[in-house]
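A.B. asks: this one's sequence-less:
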């Protein structure tokens, strides 16, 4: 069992790494901050399985919540968006805890 | 053709229809090939995403699946492009 690096409530930033090929994290959240809503479990890495590898060891998959206003220019609504994001896409953000 | 989130787009087409026989067959083919481990869902996603944009746009949902199955079967060495072409020609000739 892989020990998850993040706990619910922690602020995270989505890594803005140039990736070619199959990826499971949409471009519009890269570089943006959100917070960990919960852990979905650990799963073989689909971005490696897409190329014939077994994707092991399994990677923790989180529910990450973003403010929509942090994602879309000129948007001032108060709603949020929750995405499944694998741990290798996340790093600790400066702010340590979400709202 | 993937990762379109946030890009300008028209309205969502909500035109539903019952799948026809060909579409059901493509669906069955996909389920069987993945169920037997010929390829996995991530390879399927990688392949459908990498269809050239003009081909992707020109085909509907299950046609894209069929193109994806064809590409993966060639990639995996199950069929060759020549075998598929030959079979299609024979089918066209004999009806």
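C.D. replies: Perfect, I can see it now. Because the structure is predicted, anything quoted here is derived from the model rather than measured.

A.B. asks: CA atoms for contacts and neighbours, from now on please.
C.D. replies: Fine.

A.B. asks: so the top strand by length along chain A, near chain B or not?
C.D. replies: Criterion DSSP state E: the longest strand present in chain A is strand A:33-43. No: judged by Cα under 8 Å from any Cα of the partner chain, strand A:33-43 stays clear of chain B, getting no closer than 12.4 Å.

A.B. asks: after that strand, which helix or strand is next?
C.D. replies: Downstream of strand A:33-43, the first helix or strand assigned by DSSP states H and E is helix A:46-49.

A.B. asks: what's the closest residue to chain B within chain A in contact with, if anything?
C.D. replies: Nearest residue of chain A to chain B, counting by Cα to the nearest Cα: residue A:50, 4.1 Å away. By Cα atoms under 8 Å, 6 or more residues apart in numbering or on different chains, the residues touching residue A:50 are A:22, B:40-46.

A.B. asks: where does pLDDT dip in chain B?
C.D. replies: Under the criterion pLDDT under 70, the flagged ranges of chain B are B:1, B:95.

A.B. asks: what parts of it come near chain A?
C.D. replies: Counting by Cα under 8 Å from any Cα, chain B sits next to chain A at B:3, B:5-6, B:40-46, B:49.

A.B. asks: tabulate the residues you listed (CSV), appending distance to residue A:36, neighbour count and secondary structure.
C.D. replies: Listed next are these as CSV, based on distance: Cα to Cα, whole Å; neighbours: other Cα atoms under 10 Å in any protein chain shown; DSSP: H, G, I helix; E, B strand; the rest coil:
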residue, distance to residue A:36, neighbour count, secondary structure
B:3, 22, 14, coil
B:5, 21, 11, coil
B:6, 22, 12, coil
B:40, 29, 18, coil
B:41, 26, 16, helix
B:42, 25, 20, helix
B:43, 28, 21, helix
B:44, 29, 19, helix
B:45, 26, 18, helix
B:46, 27, 20, helix
B:49, 28, 18, helix
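
A.B. asks: need the max-distance pair from those.
C.D. replies: Greatest spacing in the residues of chain B next to chain A, by Cα to Cα: B:6 and B:40 (28.1 Å).

A.B. asks: quick check: residue B:74 vs residue B:27, distance?
C.D. replies: Using Cα to Cα, to the nearest Å, residue B:74 is found at 19 Å from residue B:27.
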